[in-house]
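S.K.: 3D model of this:
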Amino acid sequence: MDGIDGCVPPSAREITTGQTNRVWSVEGPTPYILKHYGDPSRAANEAAALRLLTSHRAPCPQLLAASSGSSTPPWTAQAALHAKPVPIDRFLADLAEPLAAIHRIPGTHFGRLAGAQQHRSWTGYLHDRLRTYAAAAPALRAVARCLHQEVDASDTPIQPVLLHHDLQPGHLLREPAGSRLLIDWELAIFGDQRSDLARLAVRLDLDDPTPVLALASRADAAAEGRLHLYWRIHLLADAALSTDSAVRERAAGRLLGSSVT
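M.R.: Numbering: from 1, shown residues only. Here you go, the predicted structure:
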């Protein structure tokens, strides 16, 4: 869009809340949210996800502009939203409809949409992630080996669908008209929808991921087994990669106290 170049206007108001990116609210004829990313692959991935979501008329912010591959820092500009986070006591109930719409969007591969390696199989994607986590947390390599084995044992054909992969309170907004929107798509991937639910269970700090199965399109014994497997993989991700020591310790403790010992 004309006039948006990724630079922070003097009148912009910083609204950064996380540790990875910086975010500003920019006023003007067309108000927008400007995000600067610490990781260019995340910027490319969020831009690709928003374009895909828009093509399917899915509940998400409108992408107004994005950086080219050579821009420093990488950035996106997204339409400002007149919306507020859904209260925590309404979160799961209000999440059901937008999440179902997202999980109906088919994928072309497994893994991130852009800026990272793409995989031909879901099993291949999971093994790649487990190798990354084991390299980052040598003390948990035995856990990673067990999870590798479980992934192989549960290998069945998976049709990839779009996953948000960072579901948590604060990322679901409600507009005044009542529409629900999901924001922050930089970690989106194509994969098994139950991985989205498992990551949500980790973000909700649940001791058992089973309650989030209410959001699944089909909940049976196989779905529950995969949910528990993905939940442990996401716990390993937090234990290995989180920048917050308290999150790492909590995830490791929960992981080592689960059945993968």
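
S.K.: which stretches in the chain count as helices?
M.R.: 40-55, 91-102, 122-136, 141-153, 193-203, 221-241, 245-256 (DSSP state H).

S.K.: of all those, which one is nearest Trp185?
M.R.: Nearest to Trp185 among the helices of the chain is helix 40-55 (3.9 Å), distances taken as Cβ to Cβ. In short, each C-beta sits where N, CA and C put it, glycine included.

S.K.: what packs against that closest one?
M.R.: strand 32-37, strand 63-66, strand 75-79, strand 161-163 (3 or more Cβ pairs under 8 Å, 6 or more residues apart in numbering; DSSP states H and E).

S.K.: one more time with 10 Å, if that's ok
M.R.: strand 21-26, strand 32-37, strand 63-66, strand 75-79, helix 91-102, strand 111-112, strand 161-163, strand 189-191 (3 or more Cβ pairs under 10 Å, 6 or more residues apart in numbering; DSSP states H and E).

S.K.: mind giving me the packing neighbours of the fifth one?
M.R.: For helix 91-102, the elements it packs on are helix 40-55, strand 161-163, strand 172-174, strand 180-182, helix 193-203, judged by 3+ Cβ pairs under 10 Å, 6+ apart.

S.K.: now mean neighbour count, mean pLDDT and distance to Ala198 too, for the helices and strands packed on helix 40-55, in JSON lines please.
M.R.: Compiled in JSON lines, the helices and strands packed on helix 40-55 are given as follows (neighbours: other Cβ atoms under 10 Å; pLDDT from 0 to 100; distance: least, Cβ to Cβ, whole Å):
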{"stretch": "strand 21-26", "mean neighbour count": "17", "mean pLDDT": "95", "distance to Ala198": "24"}
{"stretch": "strand 32-37", "mean neighbour count": "22", "mean pLDDT": "96", "distance to Ala198": "25"}
{"stretch": "strand 63-66", "mean neighbour count": "19", "mean pLDDT": "96", "distance to Ala198": "28"}
{"stretch": "strand 75-79", "mean neighbour count": "22", "mean pLDDT": "97", "distance to Ala198": "27"}
{"stretch": "helix 91-102", "mean neighbour count": "17", "mean pLDDT": "95", "distance to Ala198": "13"}
{"stretch": "strand 111-112", "mean neighbour count": "23", "mean pLDDT": "98", "distance to Ala198": "16"}
{"stretch": "strand 161-163", "mean neighbour count": "23", "mean pLDDT": "98", "distance to Ala198": "10"}
{"stretch": "strand 189-191", "mean neighbour count": "25", "mean pLDDT": "98", "distance to Ala198": "11"}
